[in-house]
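Colleague: sequence? don't have it. structure:
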């Protein structure tokens, strides 16, 4: 725990969030000798999973292990300090590109010249008993993160929207068999046609429950039938995990992500965003990946440094 700087000396940057995006941002800012406070808790989007995948040099490592090492790296820089607390609110306290005041639960308020949001999003899983208990391992939402672990098995894809056909196509070289579970919903004609052409089976019965059995899953269907799977891919609904986006009035994309440029700059000068909460130019949605989030954190931190340097020249 630390106390905030005196009001006469704000931090150069307040990083809110201590996942991969926030930790990489902190390291980058520390290396550039920018006074930085990282406000974060021990709650993360990938808490349910025991191992992360598709990350350079860390494939199969526990996410907590990476965060611990990353925090140790950032803490080695004298200009970086961590505040293990929940951020409650943020307010702009001067006009133009000025200072921000961050309210922190059970701590003194923190002032900063710039704010870098890395607070992530919160998932809501499909309302089927058993899915939450297996989410992060035998149930997942990303084939890039978990698809390989289902190789050679029958893989279920839960949903009826057009994306299920693309998912079935991506899994074709991985899965021995693919089954689309529409959970009682109807497929549109084009999606049904694509699945038929891919040789993917379609089961329309509603799901009653999902349970783990014999290193795999068993899906219980309405009517009493059961289906054994090696893994199940689902689509989660998500929303911003923290209130700061609304408090600052940041522009959002059609899917509810913070709109940023290639360097993580938001629609509000002095505010940057990185990680799962942000959507960069040309992307249809945030790219939910630990590696991408870390890279975005580095880019946003670099923008903080560059923008401050240019401001001093103007």
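Modeller: Sure, I can see it. Keep in mind that what you see is a predicted model, and the values were worked out from it rather than measured.
Colleague: Quick check: buried residues in the helix or strand harbouring residue 292?
Modeller: Assigning secondary structure by DSSP states H and E places residue 292 in helix 290-313. Going by neighbour count (16 or more other C-beta atoms under 10 Å), the buried part of helix 290-313 is 290, 292-305, 307-308. Using the backbone N, CA and C atoms, a C-beta is placed for each residue, glycine as well.
Colleague: repeat for stretch 267-285
Modeller: Applying 16+ other C-beta under 10 Å to stretch 267-285 flags 268, 270, 271, 272, 273, 274, 275, 276, 277, 278, 279, 280 as buried.
Colleague: Can you report phi and psi for the residue nearest to the spatial centre of the chain?
Modeller: With distances taken as C-alpha atoms, centre = their mean, residue 276 lies nearest the centre of the chain, 3.4 Å away. Note on residue 276: backbone dihedrals following degrees, to the nearest 10 are phi -60, psi -20.
Colleague: show me the contacts for it.
Modeller: The neighbourhood of residue 276, defined by C-beta atoms under 8 Å, 6 or more residues apart in numbering, consists of 21, 45, 120, 121, 238, 286, 288, 293.
Colleague: wait, is residue 65 part of a helix?
Modeller: Yes. The assignment for residue 65 is a helix, going by DSSP: H, G, I helix; E, B strand; the rest coil.
Colleague: Per-residue pLDDT of it, please?
Modeller: Note on residue 65: pLDDT of 91.
Colleague: number of nearby residues for it?
Modeller: Number of residues near residue 65 (other C-beta atoms under 10 Å) recorded here: 12.
Colleague: And for residue 231?
Modeller: By other C-beta under 10 Å, 25 other residues sit near residue 231.
Colleague: Would you confirm that it contacts residue 136?
Modeller: No. Taking contacts as C-beta atoms under 8 Å, residue 231 lies outside contact range of residue 136: 11.4 Å.
Colleague: From the contacts of residue 276, which one has the minimum pLDDT?
Modeller: Lowest pLDDT among the contacts of residue 276: residue 45, with 79.
Colleague: wouldn't that one be in contact with residue 19 here?
Modeller: Yes. The pair residue 45 / residue 19 is scored as a contact, 7.2 Å apart, by C-beta under 8 Å.
Colleague: Quickly list what's touching both of these two.
Modeller: Common neighbours of residue 45 and residue 19 (C-beta under 8 Å, 6+ apart) are residue 120.
Colleague: more neighbours, those two?
Modeller: residue 19 (26 against 21).
Colleague: Who are the contact partners of the closest residue to that one other than its chain neighbours?
Modeller: Counting by C-beta to C-beta, 6 or more residues apart in numbering, residue 44 is the residue found nearest to residue 19 once chain neighbours are left out, at 5.3 Å. Contact analysis of residue 44 by C-beta under 8 Å, 6+ apart lists 19, 63, 67, 120.
Colleague: Residue 255 too?
Modeller: Counting by C-beta under 8 Å, 6+ apart, residue 255 touches 279, 284, 285, 286.
Colleague: From these, pick the one nearest residue 53.
Modeller: Closest to residue 53 out of those is residue 286 (18.3 Å), distances taken as C-beta to C-beta.
Colleague: secondary structure element for the closest one?
Modeller: Using DSSP H and E, no helix or strand contains residue 286.
Colleague: So what's the residue count around it?
Modeller: Using other C-beta under 10 Å, residue 286 is surrounded by 25 other residues.
Colleague: Next, give phi and psi for the nearest residue to residue 149 once chain neighbours are set aside.
Modeller: Spatial nearest neighbour of residue 149, excluding adjacent residues (C-beta to C-beta, 6+ apart): residue 231 at 6.8 Å. Taking degrees, to the nearest 10, you get phi -180, psi 160 for the backbone angles of residue 231.
Colleague: Residues in a beta bridge with residue 231, which ones?
Modeller: Beta-bridge partners recorded for residue 231 (DSSP bridges): residue 155.
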